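K.L.:
From the sequence below, what's the structure:
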Amino acid sequence: MIVHEPELERRDGQLRVSARVEFRDPRPSLPDRLWIETADGAGPAPGVRADGFAVALLHLAMAIGEDMEIRGEVCPRLLSGLAPYQERFAAWFPGRLRRVAVEPSRASPPPRRADGRVGQAFSGGVDSFFTLRERAPRLAAPGVEPVSRAVLVHGFDVPLTDDAGFRSLEAAYRPMLRELGVELVAARTNLRALTRPAVSWEISHGAALAFAALAFGGGFRAFLIPATQACDELLPWGSDPRVDPLLSTAATEIVHAGAERDRVEKLLAIADWEPARRGLRVCWERPRGLVNCCRCSKCLRTMAALTLAGALDRFPTFPLPYDRRRLRRLVYRDEVGTRAARNLLDAARRAGDRRLAADVEHSLRRSRRALAVRRWWRGLAGQAGGRRTRPAASRRVGPEPGVRRS
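P.N.:
Down below sits the predicted model:
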């Protein structure tokens with residue numbers, strides 16, 4: 001893979017940094033250029049370094065098995081971090097990712113900016129709001145450096161085709177953040193169009209968020225990636241306290257923030273905070289701007305936790321009633337979803353809510369049965385030479401529509 005020299009372009013009030021991407025094994029279905037843009041004058045000062053592009057495309061190179069030739073400047077500190085970063089991901093996802101060489105045409109550190117800001121990735125989810133409450137200028141504890149910019153990226157969890165949905169988020173979050181002393185930086189990128197066919201978002205999202213921080217040339221002194229998992233329950237995942245800091249450069253420190261609490265604990269901590277009540281969005285399956293679908297696995301677990309806190313009726317972004325029968329019918333297909341359900345179970349037990357605990361236990365039992373059926377059928381198919389015909393039993397234990405993953 002050849003990543004050509006990044007280019008800077010100003011047009012129609014937008015500032016765009018882009019680089020042409022050339023594959024050794026041609027892939028005509030993929031875009032031939034990676035770009036990210038924001039309003040001219042918003043966010044960090046522009047730069048034309050290749051640090052962000054090296055980070056953004058690394059998982060793709062590892063997935064397709066192509067060494068990276070980067071025709072641009074890359075920070076030596078970042079280059080030294082990419083070696084252990086690759087080792088960790090290759091060990092976590094064997095058979096899916098393997099180490100590749102990363103060779104820039106020039107290795108030099110970016111200049112440290114005296115006016116560099118502290119930023120954070122922001123999506124409007126539980127992790128984002130928890131980090132914001134801990135770090136906003138008017139709320140940060142003494143000795144904690146506050147964030148001054150929050151980066152919301154169109155093209156990550158909101159598809160580029162959904163202009164209206166992203167505009168509604170921007171319109172809601174910009175004044176909300178301004179009240180807290182934080183500037184919203186709205187950006188757009190086509191990164192997922194390049195990486196999605198080969199690499200899942202669960203694997204690549206940490207690097208994608210770092211790309212949003214590094215692409216404009218080190219205008220952030222530090223950039224916070226809100227943690228998804230608590231540090232005592234880490235599973236292979238795209239963002240992790242053991243790997244995110246390895247994407248730092250000499251000018252920008254990438255910080256994994258908030259891993260001291262699990263997701264349910266974070267949600268209970270922000271349940272009484274008005275900005276979170278007005279803007280919390282967790283749904284990625286059927287979202288409509290700020291409105292959550294209230295029926296997918298993630299929505300149902302969030303609504304259950306808010307019900308536990310006695311706060312669900314004060315969250316207008318969840319307009320439908322909580323349906324505990326749907327929570328009971330959930331089937332978790334991976335360890336990340338299972339762990340999230342166990343966190344909810346632990347919180348219900350601590351609060352003495354026996355009904356919620358029983359509902360979550362029921363869904364976990366269903367999940368174990370479903371997993372056992374899948375394993376049995378895979379073994380049977382292997383004995384038959386790999387031929388598979390999906391049995392009626394596996395159809396019955398599948399999740400309801402829209403609850404494919406947690």
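K.L.:
Low-confidence stretches in the stretch 301-406 of the chain?
P.N.:
Applying pLDDT under 70 to the stretch 301-406 of the chain flags residues 373-406.
K.L.:
So for stretch 263-281, mean pLDDT?
P.N.:
What stretch 263-281 shows for mean pLDDT is 96.
K.L.:
what comes into contact with that stretch?
P.N.:
The contact list for stretch 263-281 (Cβ atoms under 8 Å, 6 or more residues apart in numbering) reads 123-127, 129-130, 132-133, 169, 172-173, 176, 179-180, 228-230, 258, 261, 287, 290-292, 302, 305-306, 308-309, 311, 314-317, 340, 343-344, 346-347. For every residue, glycine as well, the C-beta is placed using N, CA and C.
K.L.:
Among those residues, name the buried ones.
P.N.:
Buried members of these, scored by 16 or more other Cβ atoms under 10 Å, are 123-127, 129-130, 132-133, 169, 172-173, 176, 180, 228-230, 258, 261, 287, 290-292, 302, 305-306, 308-309, 311, 315, 317, 340, 343-344, 347.
K.L.:
In helices, which of those residues fall?
P.N.:
Mapping the buried ones among the contacts of stretch 263-281 onto helices (DSSP state H) picks out 126-127, 129-130, 132-133, 169, 172-173, 176, 302, 305-306, 308, 340, 343-344, 347.
K.L.:
any idea which element Arg20 lies in?
P.N.:
Taking DSSP states H and E as the criterion, Arg20 maps to strand 14-22.
K.L.:
and what of Glu73?
P.N.:
According to DSSP H and E, Glu73 maps onto strand 68-74.
K.L.:
which sections of the stretch 51-200 of the chain are below the confidence cut-off?
P.N.:
Along the stretch 51-200 of the chain, segments meeting pLDDT under 70 span 114-115.
K.L.:
Strands of that one, start to end?
P.N.:
Ranges of strands within the stretch 51-200 of the chain are 68-74, 102-107, 117-121, 149-154, 183-189, based on DSSP state E, counting those that start in this stretch.
K.L.:
I'd like those strands written out as JSON lines, with distance to Ile270 and mean neighbour count added.
P.N.:
Output for the strands of the stretch 51-200 of the chain, formatted as JSON lines (distance: least, Cβ to Cβ, whole Å; neighbours: other Cβ atoms under 10 Å):
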{"stretch": "strand 68-74", "distance to Ile270": "38", "mean neighbour count": "21"}
{"stretch": "strand 102-107", "distance to Ile270": "39", "mean neighbour count": "16"}
{"stretch": "strand 117-121", "distance to Ile270": "15", "mean neighbour count": "23"}
{"stretch": "strand 149-154", "distance to Ile270": "15", "mean neighbour count": "23"}
{"stretch": "strand 183-189", "distance to Ile270": "18", "mean neighbour count": "21"}
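K.L.:
right, so of the ones you listed, which gets closest to Leu235?
P.N.:
Of all the strands of the stretch 51-200 of the chain, strand 117-121 sits nearest to Leu235, with 20.0 Å by Cβ to Cβ.
K.L.:
so what does that closest one touch, helix or strand wise?
P.N.:
Counting contacts by 3 or more Cβ pairs under 8 Å, 6 or more residues apart in numbering; DSSP states H and E, strand 117-121 packs against helix 126-135, strand 149-154, helix 201-214, strand 220-226.
K.L.:
of all those, which lies closest to Val360?
P.N.:
For these, proximity to Val360 was assessed by Cβ to Cβ; helix 126-135 is nearest, at 17.4 Å.
K.L.:
Could you export the closest one as PDB, CA atoms only?
P.N.:
Output in PDB follows, covering the C-alpha atoms of helix 126-135 (Å, rounded to 0.1, in the frame of the first residue of the first chain):
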ATOM      1  CA  VAL A 126     -22.400   7.300  27.600                       C
ATOM      2  CA  ASP A 127     -18.600   7.200  27.400                       C
ATOM      3  CA  SER A 128     -18.500  10.700  25.700                       C
ATOM      4  CA  PHE A 129     -20.800  12.400  28.200                       C
ATOM      5  CA  PHE A 130     -19.000  10.800  31.200                       C
ATOM      6  CA  THR A 131     -15.600  12.100  30.000                       C
ATOM      7  CA  LEU A 132     -17.100  15.500  29.200                       C
ATOM      8  CA  ARG A 133     -18.600  15.700  32.700                       C
ATOM      9  CA  GLU A 134     -15.200  14.800  34.200                       C
ATOM     10  CA  ARG A 135     -13.200  17.300  32.000                       C
END
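K.L.:
Can you name every helix or strand that that helix contacts?
P.N.:
Short answer (3+ Cβ pairs under 8 Å, 6+ apart): helix 126-135 packs on strand 117-121, strand 220-226, strand 253-257, helix 263-270, helix 274-279.
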